[in-house]
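K.L.:
only geometry, no sequence info:
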């Protein structure tokens, strides 16, 4: 690939990134929602009164499986916080902080996803919800593992794509609660009816938006290493984890 075609390709890539202003707005909204959810969850556990388990069978389930639920919810809150930090442009300029936040995120997902698989076995709502939460936890672990594998292979494009998919599943904790409110207070459904829907739509919807909305998965390399992508023809340069 000659210099002219490389320059043309780079310019085209930049233009495509700029052609979808919704991309930056989407991630900004995701960050705001995450921060709000983190604050809400932290306040609940500060007072040792998790309000989302304060009704009927759920309080009994929570009490009987307190450790599993604490691990799942606590690790999920940490994953939201660390994952949010991964998408803050300023933080990306500091490689060490970016890598530390990424490591914390992966550990939190590992704990939260594993506990989520256990929690799925006694999910409120029966077999359908157990399958939904089980699939979500499995994909949460899988997408994060693939992001981790690709960063160690030096494939930054694949790493960032899988990390975005992982974070979309992490955000299911936020969208589930938004959808609960919409279905109950706007749609007029009961909680029991709604809770047969949102265990699926909360994470499937996030992934569908991420995959199908133009530009949401478009690759944007941090740390000014775009120049390395096509330095050897059409094959991306191999980078070590220390370059991330």
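P.N.:
Received the coordinates, thanks. This one's a predicted model, so the numbers in the text were calculated from it and none came from an experiment.
K.L.:
ok, residue 103 - contacts?
P.N.:
When the contact criterion is C-beta atoms under 8 Å, 6 or more residues apart in numbering, residue 103 has no partners at all. Yep, even glycine has a C-beta here, placed from its N, CA and C like the rest.
K.L.:
that one sits in which helix or strand?
P.N.:
Counting by DSSP states H and E, the element that carries residue 103 is helix 95-120.
K.L.:
again, but for residue 133
P.N.:
Per DSSP H and E: helix 127-152 holds residue 133.
K.L.:
buried stuff in the helix or strand just after that helix?
P.N.:
Counting by DSSP H and E, the next helix or strand C-terminal to helix 127-152 is helix 156-170. Under the neighbour-count criterion of 16 or more other C-beta atoms under 10 Å, helix 156-170 has 156, 158-170 buried.
K.L.:
residue 128 and residue 197 touch, don't they?
P.N.:
No: taking C-beta atoms under 8 Å as the definition, residue 128 is not a contact partner of residue 197, at 9.6 Å.
K.L.:
of these two, who's got more company?
P.N.:
residue 197 (18 against 14; other C-beta atoms under 10 Å).
K.L.:
point out where the protein drops to low pLDDT.
P.N.:
Applying pLDDT under 70 to the chain flags the ranges 1-30, 32, 34-35, 38-57, 89-92, 214-244.
K.L.:
hang on, the earlier thing: buried sites along the helix holding residue 103?
P.N.:
Those would be 98, 101-102, 104-106, 108-120, for helix 95-120 by 16+ other C-beta under 10 Å.
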